[in-house]
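>>> Here's my sequence, what's the structure:
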Amino acid sequence: MNTIDLVVPCYNEEAVLPVSAPVLLGVLRELVALGLAGPDSRLLLVDDGSADGTWGLIEGLCAREPEVCGLKLRCNRGHQNAVMAGLLTAARHADAAVTIDADLQDDPQAIADMARQFAAGTPIVCGVRASRASDSFLKRVTARGFYVLVRLGGAKVIFDHADFRLMSREAIRRLSCFGTEDLFLRGLVTRLGLPIGTVRYDRSPRLAGESKYTLKKMLHLARRGFQSGRMKMAQTPQIGELYIERELMQ
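Model (predicted):
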């Protein structure tokens, strides 16, 4: 039975973690009960240098829940770097990892379908939004423009897919051949030479707190996306400095 870790990047999520962590634990336990994930599967919470009480909450969850593990970065490295640190940590233990944001706007119930596709032999399964009907007109236009811009740079991104996906250990190993710093992950997963499945889902409102993506961060992400189509893939993993300060592993 495949071991599957849920990797959750967290930056100043003190308001949302008390709500989302129990939901994700429930999903993980349901995967195990259904035989879609092995009993050693874990929930890995990655604190991306939060300035609030996020790490204290993670420490408390690790102490109370045997499935929960924590990873603390020394400073705020940004969403993509936090995801990559979590993936590489999970790959030391798990057969696959699912990345999902702490706000649970991405539907955690779709993880079961990802696990089913992985069990059937698909090494990468991407969550794709079924609709943008809930977005404002401006949001829909800018989102489409973002993907068009990134594609002009040569990246073969999947429309309406962000960073909600399942990746096998081999997929994570190949991803690390692009390095581990400042990556645009959704522009690289299509370049790994592995089959990709998709799961469609409806996106929900944020559970609590506010979005951490400022305009500056969005512009930086767009620049990295434009460049991702031209990045060179090394023959072997290129593991750089991940700025990990502390690990709480069960």
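
>>> and the spatially most central residue of the chain, bridged to which residues?
The centre of the chain sits closest to residue 99, judged by C-alpha atoms, centre = their mean, with a distance of 2.7 Å. Counting by DSSP bridges, residue 99 forms beta bridges with residue 7, residue 165.

>>> contacting residues around it?
7-9, 83, 86-87, 163-165, 167 (C-beta atoms under 8 Å, 6 or more residues apart in numbering). Any C-beta I mention is one placed from the backbone N, CA and C, and that applies to glycine too.

>>> so how many other residues sit close to the nearest residue to residue 55 once chain neighbours are set aside?
What sits nearest to residue 55 in space, not counting adjacent residues and going by C-beta to C-beta, 6 or more residues apart in numbering, is residue 47, at 4.7 Å. For residue 47, the count of nearby residues is 26 (other C-beta atoms under 10 Å).

>>> which residues does residue 47 bridge with?
residue 10, residue 72.

>>> Please name the residues that touch it.
10-11, 54-55, 58, 70-73.

>>> what about the closest residue in space to residue 101 that isn't next to it in sequence, distance to residue 229?
Of all residues not flanking residue 101 in the chain, residue 9 sits nearest, at 6.6 Å (C-beta to C-beta, 6+ apart). Between residue 9 and residue 229 the computed distance is 24 Å (C-beta to C-beta, to the nearest Å).

>>> What of residue 120?
Applying C-beta to C-beta to residue 120 and residue 229 gives a distance of 30 Å.

>>> how about the helices in this structure?
Listed in chain order, the helices of the chain (DSSP state H) span 17-33, 54-64, 79-91, 111-119, 137-152, 169-175, 215-228.

>>> Identify the residues contacting the shortest one?
I take that to be helix 169-175. With C-beta under 8 Å, 6+ apart, helix 169-175 has contacts from 84, 87-88, 90-91, 94-97, 123-124, 167, 183, 185, 188-189, 192-194, 233, 237.

>>> Try it again at 7 Å.
87-88, 91, 94-97, 123-124, 188-189, 192, 194, 237 (C-beta atoms under 7 Å, 6 or more residues apart in numbering).

>>> Work out the gap between that helix and the centre of the chain.
14 Å (C-alpha atoms, centre = their mean, to the nearest Å).
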